[in-house]
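Colleague: Give me a 3D structure for the following:
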Amino acid sequence: MDFCARGFGKLSFPHVPDIIDVSIFRKYHEYRNKTSSLFVGYRNKKVVLNRVVWYDVGAKIPFAPYIISCGNKRKEFLMTTSLQYFMLIAKEQSIIRAAEQLYISPQNLSNHMKRLEKEYGTLFIRYPHFCLTPAGEALYQTLQQISILEQGLHSKLKEIEEETLGQLNIGIHPTRARILLPRILKNFLADFPGVYVNFHYQNMITNEKMLRNGEIDAFFGVDVPFAPEFKIIPLENEPIYFVASTNILKSRGVKPEGGIIFPKALTAFPFLLSPNDSRIRKNINMFCDNAGISLSESVTISDYELQLILASQDLGVCFSPKTVLTKMRELNHIMPPDNRLEAFRVNGLDVTNTLSIVVHRLAFLTKPLNGFIQAFQEEFQKGF
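Modeller: Modelled structure (predicted):
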C-alpha cells in the first residue's frame with residue numbers, strides 16, 4: 001500500500017492488505033506546530049490501516065488510525081483525531097485553551113466537534129458555563145476506558161520484549177512519600193534496576209483524576225471511596241495516636257496510664273490540628289462531639305511532620321497517624337533525654353485510616369507495577 005504525506009513523499013507499507021466490500025474513504029489528519037504544517041491523507045483505496053500511527057508532538061496526542069471492518073461494513077476506530085480533540089476539550093473545559101495547546105484555530109476545533117455531535121448528539125453546554133452534557137460525559141468516560149486499555153496493551157507488549165524495563169508513574173501525598181518511599185524504594189529498585197519511577201506529589205482528588213485519565217499507573221490513598229473503575233488493594237487500617245512532649249504533659253498535670261489517655265484530659269492542652277476539611281480532622285471532630293468535649297486549637301496546619309516538630313518544641317500537642325510516628329522517633333534522637341515525644345491511644349477513638357494502593361480496574365498490571373505493590377505490602381507487614 002502507498003501512503004502519501006506532504007513533505008515525506010511517497011511511503012510504501014506492503015504489510016497492509018487490501019480488503020473487499022468496504023466503502024471508498026478519504027480521511028485527512030492535520031498536524032501543525034509553531035514552525036511548520038504537515039497534512040497527512042490516505043489515498044482512495046479499499047484498505048485497512050491497523051498499524052500506522054502518527055504523533056502530534058506539539059500537542060502530545062497520538063493520531064491513531066481508522067480501522068474499517070470488512071464483515072458487516074461497519075466503521076470502527078481505535079481513536080480518531082476528533083475524539084482525541086474532544087478529550088482535550090473535556091479536560092481543559094474550554095475550546096479556546098484546547099485549541100492553543102493543539103496549535104489550531106478555535107473554529108477548526110469547533111468543526112471537529114460539530115462532526116462528532118452529528119454522530120453522538122450534543123456533547124457540550126457552552127453557556128453560561130462550559131460543561132459536558134450527559135451524552136458528552138458518557139463519551140468521555142468511554143474514551144478514558146479505551147485509553148486505559150490501549151496503554152495496557154502497549155505495556156504488555158513492552159514487557160514481553162523487555163521484562164524488567166519500563167516506567168512507573170505513582171501518585172502519593174508528599175507527607176506520606178517522605179515516610180514511606182525511603183523504605184520501599186531500596187528493595188524495589190534492587191529487584192527492578194531498569195525501571196524509572198516518577199512520583200507525582202498530589203492530593204487524593206487529583207490522583208483519582210489522573211488515574212482515570214491514564215496519567216498515573218497507581219496511587220497511594222487514604223480512605224479512598226469506592227469507584228467502579230478502581231481496584232483498591234488494602235494495606236492497613238491505621239490507628240490515630242495522641243502525641244505530646246514529656247514537658248507539656250507535666251505542665252498540665254496529666255499522667256496517661258497504660259498507654260491510654262482519656263477524652264476529658266484532652267481539654268487541658270493547646271492543639272496543633274489539621275484543617276477542618278481533612279479526613280483526620282473530621283474524624284476527630286466527630287469523636288469530640290460524641291464525647292462532649294471541645295479542643296483548644298492553637299495552630300492549624302496540614303503537615304503531620306511539622307505538627308510533630310512543633311510538638312517537640314512544647315508548642316502544643318497533636319494527633320498523628322501510626323505510620324507518621326516514624327518521624328516522632330527520629331525527633332526523639334535529637335531531643336533532650338528528659339523531654340521526649342510520647343504517643344498514646346485515646347480511649348474511645350476507634351476510627352482508623354484505611355491505607356491502600358489504587359489501580360485502574362481495566363489497566364494491565366506490569367511486572368514492575370506488581371513488584372511495586374508487593375513492596376508496599378511487605379513493608380506494612382513488617383510494621384511502622
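
Colleague: Counting neighbours, what do you get for Pro134?
Modeller: Using other Cβ atoms under 10 Å, Pro134 has 10 neighbouring residues. Backbone N, C-alpha and C define where each C-beta goes, glycine included.

Colleague: Give me the distance between it and Tyr120.
Modeller: Distance from Pro134 to Tyr120, counting by Cβ to Cβ, to the nearest Å: 11 Å.

Colleague: Flag the shaky bits of the protein, pLDDT-wise.
Modeller: Along the chain, the parts satisfying pLDDT under 70 run over 1-80, 155, 159-165.

Colleague: Can you give me the domain assignment for it?
Modeller: 2-146, 164-236+360-382, 237-353 (automatic domain parsing).

Colleague: What's the first helix or strand after the host helix or strand of Asn285?
Modeller: Here Asn285 sits within helix 279-291, counting by DSSP states H and E. With elements assigned by DSSP H and E, the helix or strand that comes after helix 279-291 is strand 296-300.

Colleague: What lies in contact with that following strand?
Modeller: 267, 269-275, 310, 315-316 (Cβ atoms under 8 Å, 6 or more residues apart in numbering).

Colleague: Please narrow these to those residing in strands.
Modeller: Judged by DSSP state E, the contacts of strand 296-300 include 270-273 as members of strands.

Colleague: from the residues you listed, which single one is nearest Gly194?
Modeller: Leu272 (43.2 Å; Cβ to Cβ).

Colleague: Next up, the contacts around the most centrally placed residue in the chain.
Modeller: Closest residue to the average C-alpha location of the chain: Asn207 at 2.9 Å, with Cα atoms, centre = their mean. For Asn207, the contact set (Cβ under 8 Å, 6+ apart) comprises 171-172, 200, 216, 219, 221, 358.

Colleague: rewinding a little: can you put the contacts of strand 296-300 in a markdown table and add distance to Leu116 and neighbour count?
Modeller: Shown next, in a markdown table, are the contacts of strand 296-300 (distance: Cβ to Cβ, whole Å; neighbours: other Cβ atoms under 10 Å):
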| residue | distance to Leu116 | neighbour count |
| --- | --- | --- |
| Thr267 | 61 | 14 |
| Phe269 | 60 | 22 |
| Pro270 | 59 | 16 |
| Phe271 | 54 | 22 |
| Leu272 | 52 | 24 |
| Leu273 | 49 | 24 |
| Ser274 | 44 | 20 |
| Pro275 | 42 | 11 |
| Leu310 | 54 | 18 |
| Leu315 | 58 | 16 |
| Gly316 | 56 | 21 |
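
Colleague: how big is the angle separating the helix holding Asn285 from strand 296-300?
Modeller: With axes from the mean of the first three to the mean of the last three Cα atoms, to 10 degrees defining the directions, helix 279-291 sits at 170 degrees from strand 296-300.

Colleague: Starting from Ala268, give me the distance back to the residue of the chain most remote from its centre.
Modeller: Centroid-distance maximum for the chain: Gly253 at 46.1 Å, with Cα atoms, centre = their mean. Relative to Ala268, Gly253 is positioned 8 Å away (Cβ to Cβ).

Colleague: No further queries at this time; thank you.
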